[in-house]
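J.: 3D, please:
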Amino acid sequence: MESYVGKVNAPEFPAGLAWVNTDRPVRLADLRGKLVLLDFWTFC
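T.: Next up, the predicted model:
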């Protein structure tokens, strides 16, 4: 399996996003070294 560590940079989150279950905006630096679960959902 090929590793993408250090090869692909994620863009920073745009300013002004509405965040849920946090008292401040999240930055990518806050997530470094942590397991992140992305949950995509829709109402349709």
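
J.: the helices in this protein, which residues?
T.: Under the criterion DSSP state H, helices of the chain are mapped to 28-31.

J.: And the residue nearest the centre of it, how far from Thr42?
T.: Note on the chain: the residue nearest the mean C-alpha position is Leu28, at 6.2 Å, using Cα atoms, centre = their mean. Separation of Leu28 from Thr42 (Cβ to Cβ, to the nearest Å): 25 Å. Where you see a C-beta, it was placed from the backbone N, CA and C, and this is true even at glycine.

J.: if we can go back for a sec, and the residue nearest to the centre of the chain, what does it touch?
T.: Ala10, Glu12, Phe13 (Cβ atoms under 8 Å, 6 or more residues apart in numbering).

J.: Now do it, the pLDDT please.
T.: Per-residue pLDDT puts Leu28 at 90.

J.: Quick check: the gap between it and Pro11.
T.: Taking Cβ to Cβ, one finds Leu28 at 8 Å from Pro11.

J.: and if you look at Leu38?
T.: Taking Cβ to Cβ, one finds Leu38 at 14 Å from Pro11.

J.: and if you look at Thr42?
T.: Look at Thr42 and Pro11: by Cβ to Cβ, they are 22 Å apart.

J.: before we move on, what about Phe40?
T.: Distance of Phe40 to Pro11, given as Cβ to Cβ: 17 Å.

J.: what comes up buried for stretch 35-42?
T.: Within stretch 35-42, no residue is scored as buried using 16 or more other Cβ atoms under 10 Å.

J.: how far is it from where the chain is centred?
T.: 9 Å (Cα atoms, centre = their mean, to the nearest Å).

J.: How about stretch 28-44?
T.: Chain-centre distance of stretch 28-44: 5 Å, with Cα atoms, centre = their mean.

J.: now the protein, which segments are flagged as low pLDDT?
T.: By pLDDT under 70, the chain has no low-scoring segment.

J.: can you rerun that using 80?
T.: Along the chain, segments meeting pLDDT under 80 span 1, 4-6, 8, 41-44.

J.: Do you have the strands of it handy? List them.
T.: Assigned by DSSP state E, the chain shows no strands.

J.: All set now, cheers.
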